[in-house]
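[1] Build me a model from this:
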Amino acid sequence: MKIAIASDHGGYSLKEAIKKYLQFRNIEIIDLGTDSEKSVDYPVFGRACAEAVAKGEAERGIVCCGTGIGISIAANKVKGIRCALCTDVHMAEMAKKHNNANILALGGRTTEEKKALDIIAAWLDTEFEGGRHQRRVNMLDEM
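    I've put the predicted structure just below:
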């Protein structure tokens, strides 16, 4: 599996911890920035990650900003992206099971590292249920 990952300055530290976790799981990473805690604009990085996933350069993506809100909004502007901001494991499971979320958003200033890694594990390890949910995912992708 290949995962694109991006953050703004507020999510940079969490992004770096996530990269180590993904490497531990032998997941290939495309790091789309940022590369420090110097202030940058989250839409640039949310879009970069979303476009990488939409173009098939990565199977999934993870984006981080201070709260995860802004960067998830930016990612969801790209056609074919279903970015879910998750704050707990149950949300991550449901984001994958029912919505087939292809990007996960997390808040670097709102989610502790261990909890974020648990959320990522749940999202990675949960399968999309398909069935009645596929019709809804198709509807989302047509919007």
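[2] Spit out the contact partners of I27.
    Contacts for I27 (CB atoms under 8 Å, 6 or more residues apart in numbering) come out as M1, K2, I3, L124. C-beta coordinates here come from the backbone N, C-alpha and C atoms, glycine included.
[3] I should have written L117 there, sorry.
    Counted by CB under 8 Å, 6+ apart, L117 has contacts A17, I18, Y21.
[4] Now do the helix or strand the first one falls within: everything it contacts.
    Right, the one you point to is A17. Element membership for A17 (DSSP states H and E) is helix 12-24. For helix 12-24, the external contacting residues (CB under 8 Å, 6+ apart) are 3, 5-7, 29, 31, 34-37, 62, 64, 106-108, 111, 113, 116-117, 120.
[5] tell me which residues in that helix are buried?
    Within helix 12-24, the residues that qualify as buried are Y12, L14, K15, E16, I18, K19, L22, counting by 16 or more other CB atoms under 10 Å.
[6] Any idea how many residues pack against G108?
    G108 has 26 neighbours, counted by other CB atoms under 10 Å.
[7] can I assume it is in contact with G66?
    Yes: the pair G108 / G66 is scored as a contact, 6.0 Å apart, by CB atoms under 8 Å.
[8] Output the buried residues of helix 12-24 in a markdown table; the columns should cover distance to K77 and pLDDT.
    What follows is those, written out as a markdown table (distance: CB to CB, whole Å; pLDDT from 0 to 100):
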| residue | distance to K77 | pLDDT |
| --- | --- | --- |
| Y12 | 22 | 98 |
| L14 | 22 | 98 |
| K15 | 20 | 98 |
| E16 | 25 | 98 |
| I18 | 22 | 98 |
| K19 | 25 | 98 |
| L22 | 25 | 98 |
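[9] ok, the residues you listed vs K79, which is closest?
    Nearest to K79, judged by CB to CB, of the buried residues of helix 12-24 is K15 at 24.4 Å.
[10] Enumerate the beta-bridge partners assigned to the nearest residue to that closest one once chain neighbours are set aside.
    Spatial nearest neighbour of K15, excluding adjacent residues (CB to CB, 6 or more residues apart in numbering): S7 at 3.9 Å. Beta bridges link S7 to C64 when assigned by DSSP bridges.
[11] Can you list the buried residues in the helix or strand of the chain with the lowest mean pLDDT?
    Using mean pLDDT, DSSP states H and E, the weakest-scoring helix or strand in the chain turns out to be helix 132-142, at a mean of 93. The neighbour-count check on helix 132-142 (16+ other CB under 10 Å) flags V137 as buried.
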